[in-house]
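Visitor: My questions are about this predicted structure, shown below with the sequence.
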Amino acid sequence: MNNAIRWLFKQPRSVKRMISLLLDALFILLAFWAAYLLRLDSASLLGSLRHWLMLAFMVPVTLLCFVRFGLYRAVLRYLGHHATLVMMGGVAVSAVTMVLAAHYVNAFLPRSVPVIYAVLALLLCGGARSMARALYNQSTKKLKIPVIIYGAGSSGRQLNTSLSHGSEYRAVAFVDDNPTLQKALLQGLTVFSPVELARLIKRYDAQKLLLAMPSISRQRRREIVDSLEALQLDILTIPGMADLVSGKAKLTELHEVSVEDLLGRDPVEPFPDLISANIRGKVVMVTGAGGSIGSELCRQIVQQQPVTLVLYEMSEYALYQIDQELNGLCRAGNYKVDIVPIMASVQRQNRLEAVMSAFGVQTVYHAAACKHVPLVEYNVVEGVRNNVFGTWRAAEAAINCGVETFVLISTDKAVRPTNVMGTSKRLAELVLQGLALRQSNTRFCMVRFGNVLGSSGSVVPLFKRQIRAGGPITLTHEDITRYFMTIPEAAQLVIQAGAMGRGGDVFVLDMGEPVRIIELARKMIRLMGFDVKDEQHPNGDIEIKVTGLRPGEKLYEELLIGGDEQPTAHPRIRTAQEVHLPWDEVSVLLKDLDVACEDYNQPRIRELLLNAPTAFNPQGGICDLVWRENQASGSEPVAETEIGKPVVALVR
C-alpha cells in the first residue's frame, strides 16, 4: 500500500490531475444520489432521466469551477486553507447549479437536498484529499529521521511545519521549559518537560534534538546545551534571531551547535561614540586585511562608513576574497565607501609610505602578523621580521605620513612568552611604546587578547574534522587551558579600545574564564552524538589522544605582565601599565636584531630575545628548521644580502 501511494505521488502532474478530475466527478455523482437517498429514504429516482440530465449539467460546471479556482494546481501533499476555500466555493456553485438545472428540466428537488449534497460533496472531495495526504505522510514516515524539537514557541511550531513538508526529519515530540505548555497538544505533538528527554529518546528512538529558541541569550543557550550534554544526542540548532530578521538565514537552515553556544557569552552593545570615533568620515587602513581578525575588522569598519578603506594584504587570494566580500557588503548596505585593495608586505616602509600618502590615511589597524606558534618556532627569522620589523616599518611610515591613530593587534602570548611568536609580539609592543615616547603626532596603542573562535588554525574546526573522521582527537596536554572570544566581539572591542588610546596604551580585553581544552573536546564529542572512548569507556566512539606540547606552547595563557590594570569606560576593556623602554634603547635592540637576522645567526637572535625586557622563557632549544638542518649537516648559512639573492644559501 505504501509503495503504491509513493508511486502515485511520483507520477507526472498531468496524470495526477486527470485522476483527480475523474475522482471528483465520481464524488459529485455519489454525493448527488446520496443526498436524495438520505432525504427520501428511497432509490426510486435512480432511473429518472431528468435527474441524470441535472447531473450532466452539474458535473462539468463543478469541475470547471475547481479548475478555474486553481484546485488542481495545488500540490496535494501541501494542501492548506486555500484549497479548502476553493472546494467550498466550487461546491457552493455546484449546489446552485443543481437548483437551476432542476428548474430547467422540471426535476423533483426537495429544498433540503442541495444542502445535504453540498455537505456530502465537500466531505468526499476534501476528505479524499486529506486521506491521500495522510497516507503519503504515513508512507514516508519510516524514511525520515525522528527528532525532538526543544522549544514549543512560534519558532518551534514553524520548524515542525517545515519539517512535515520536508523529506529528511519528522518531529515526534516538543520539549519546553514553560510549565504552562507542558502536556499540551500542538500540531498533533505533545509538549513534554525537559526532564523527560531521556525517556522520550528511548521511546521514539529519536536521533537528533533540534534547538528552536533563536531569541534566547547566549548564556541561557549555553545552560541548555550543558544540560543536554549527558544525553549523547546529536544537537542541531536554528539560526539566531538577528540572522533570521536580517534575512541572512532561514528557519529551516539547521546547523550544529556552534562553539559560541559552548563557550560564548552575550556581547555588550558597542558604544556609538567609541566605535565610530576613528572611522566615520575618515580614511582607514587595515594591514593583514585578509586574515581572521583583519577581515572582521574590515567588515565592522565598513558599517561605520569611512570615506575610504585601504586593504593592505600580502596574500593575493586573501586580498581578492575580502575585496569581493566588502564590495558586496557595501552594495547590500548602500554604504558609500571606497574600497582600495593593496597587495604588499608590511616590511617595506617605502611602499607603506607611498600608500598612506596617496590616500591620506588617518587611522591604521595593524593586524598583519605571523601568529602560529609552532610555525614561527620553525621559521624564526620570518616571524621576527614580520612581527617586529613589520610593525616598526608600519609605525615609522604612519609617523612620516601624519597618521592620527595606529592600533596594534597584540596577543596574550606576549605575556611572559615561552615562544618566539609571543616574544616578537611583545617586542612589537615595546617598539610602539618607544615611538609613543619619541613623538606625539601619531597616537599608538596596543590591544591584547587571547584566542578567537573560528580563526585559521583554531582548535575548534580541527576537532570537528577529527570527530567526523572517527577520531582520534589530538590534544597536546590534558591540562592545557585557553581563553576564547568570538571574532566579531574581538574586532568590535579592538575598534573601541583604539578610540580610547592616548599614546603608548596597552589595552587588555576581558576574555571571560579560561577553558580546559580537554573539556571542550569532550563536549564537542557528546554534542555531535558520539561517546568518549577512554579507560572507563573502552567501547566509546572517539578517543582523545595526548600528543605532547608543541615547540613554544604554554599550558596556560595570561593577559597581564604585572598586576596593575585599570578599568576604562567600557566594561570589557581594561588598560595595563606595562614595562617599557625609551626609544634610544629600543632602537639599539632593533639594530642588533636586524644584523642577527641578516646573518641568519640563530644563537644571536635567541640571545637578543632573552636579553630584551620581554620575560622570554623558552622551554627548549632553537627549533628553526633550516638552522637545525645546517647543524645536522655541518653547513653554515650565508648572510642575507641584497634583494634578489637567496634568503638562505648553504655552503659545504
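Guide: Cool, the structure landed.

Visitor: Let me see the ranges of the helices in the stretch 1-150 of the chain.
Guide: 2-9, 13-40, 49-68, 81-105, 113-141 (DSSP state H, counting those that start in this stretch).

Visitor: Now do the fourth one: everything it contacts.
Guide: It refers to helix 81-105. 28, 32, 50, 53-54, 57-58, 61-62, 65-66, 69-71, 74, 107-109, 113-115, 117-118, 121-122, 125-126, 129 (Cβ atoms under 8 Å, 6 or more residues apart in numbering). Heads up, the C-betas are built off the backbone N, CA and C, glycines and all.

Visitor: Backbone dihedrals for residue 610, please?
Guide: phi -70, psi -30 (degrees, to the nearest 10).

Visitor: ugh, typo on my part, it should be residue 282
Guide: phi -120, psi 170.

Visitor: That one touches residue 306, doesn't it?
Guide: Yes - with contact defined as Cβ atoms under 8 Å, residue 282 reaches residue 306; the gap is 5.3 Å.

Visitor: Of the two, which one has the most company?
Guide: For residue 282 versus residue 306, neighbours defined as other Cβ atoms under 10 Å are more numerous around residue 306 (24 against 21).

Visitor: Quick one: residues contacting the more buried one.
Guide: Taking Cβ under 8 Å, 6+ apart, one finds 279, 280, 281, 282, 283, 284, 337 in contact with residue 306.

Visitor: ok, so what distance separates it from residue 437?
Guide: Distance of residue 306 to residue 437, computed by Cβ to Cβ, to the nearest Å: 29 Å.

Visitor: Please pick the buried ones from the contacts of helix 81-105.
Guide: 28, 32, 53-54, 57-58, 61-62, 65-66, 69, 71, 74, 107, 109, 113-114, 117-118, 121-122, 125-126, 129 (16 or more other Cβ atoms under 10 Å).

Visitor: Need the contacts of residue 306 in CSV (columns: distance to residue 221 and pLDDT).
Guide: Formatted as CSV, the contacts of residue 306 follow (distance: Cβ to Cβ, whole Å; pLDDT from 0 to 100):
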residue, distance to residue 221, pLDDT
279, 31, 94
280, 33, 93
281, 38, 94
282, 37, 95
283, 40, 97
284, 34, 97
337, 34, 94
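
Visitor: and those as TSV, adding secondary structure?
Guide: Converted to TSV, the contacts of residue 306 look like this (DSSP: H, G, I helix; E, B strand; the rest coil):
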residue	secondary structure
279	coil
280	coil
281	coil
282	coil
283	strand
284	strand
337	coil
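
Visitor: thinking again about what came up before, least confident of the helices of the stretch 1-150 of the chain, on average?
Guide: When the helices of the stretch 1-150 of the chain are compared by mean pLDDT, helix 2-9 comes last with a mean of 55.

Visitor: Can I get stretch 583-600 in CSV? Just the C-alpha atoms.
Guide: Coordinates of each C-alpha in stretch 583-600 appear next as CSV, following Å, rounded to 0.1, in the frame of the first residue of the first chain:
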residue,chain,number,x,y,z
TRP,A,583,63.4,54.8,22.1
ASP,A,584,67.2,55.0,22.3
GLU,A,585,67.3,51.6,23.9
VAL,A,586,64.7,50.1,21.6
SER,A,587,66.5,51.3,18.5
VAL,A,588,69.8,49.7,19.7
LEU,A,589,68.0,46.4,20.2
LEU,A,590,66.3,46.6,16.8
LYS,A,591,69.6,47.3,15.0
ASP,A,592,71.3,44.4,16.7
LEU,A,593,68.3,42.1,15.9
ASP,A,594,68.3,43.3,12.3
VAL,A,595,72.0,42.3,11.9
ALA,A,596,71.4,38.9,13.5
CYS,A,597,68.5,38.3,11.1
GLU,A,598,70.6,39.4,8.1
ASP,A,599,73.4,37.0,9.2
TYR,A,600,70.8,34.3,9.9
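
Visitor: any idea of the pLDDT on residue 80?
Guide: pLDDT, residue 80: 59.

Visitor: got it, and residue 146?
Guide: Confidence score, pLDDT, at residue 146: 88.

Visitor: swap in residue 359?
Guide: pLDDT at residue 359 comes out at 97.

Visitor: next one: the one 5 residues further on
Guide: Looking at residue 364, its pLDDT reads 96.

Visitor: doesn't it fall inside a strand?
Guide: Yes - judged by three-state DSSP, residue 364 forms part of a strand.

Visitor: Pull the contacting residues for it.
Guide: Residue 364 is in contact with 284, 285, 286, 287, 356, 394, 398, 403, 405, 406, 407, counting by Cβ under 8 Å, 6+ apart.

Visitor: Restricted to strands, list these.
Guide: 284, 285, 286, 287, 405, 406, 407 (DSSP state E).

Visitor: Which pair in these has the greatest spatial separation?
Guide: Within these, 287 and 405 form the most distant pair, 13.7 Å apart (Cβ to Cβ).

Visitor: more neighbours, those two?
Guide: residue 287 (28 against 22).
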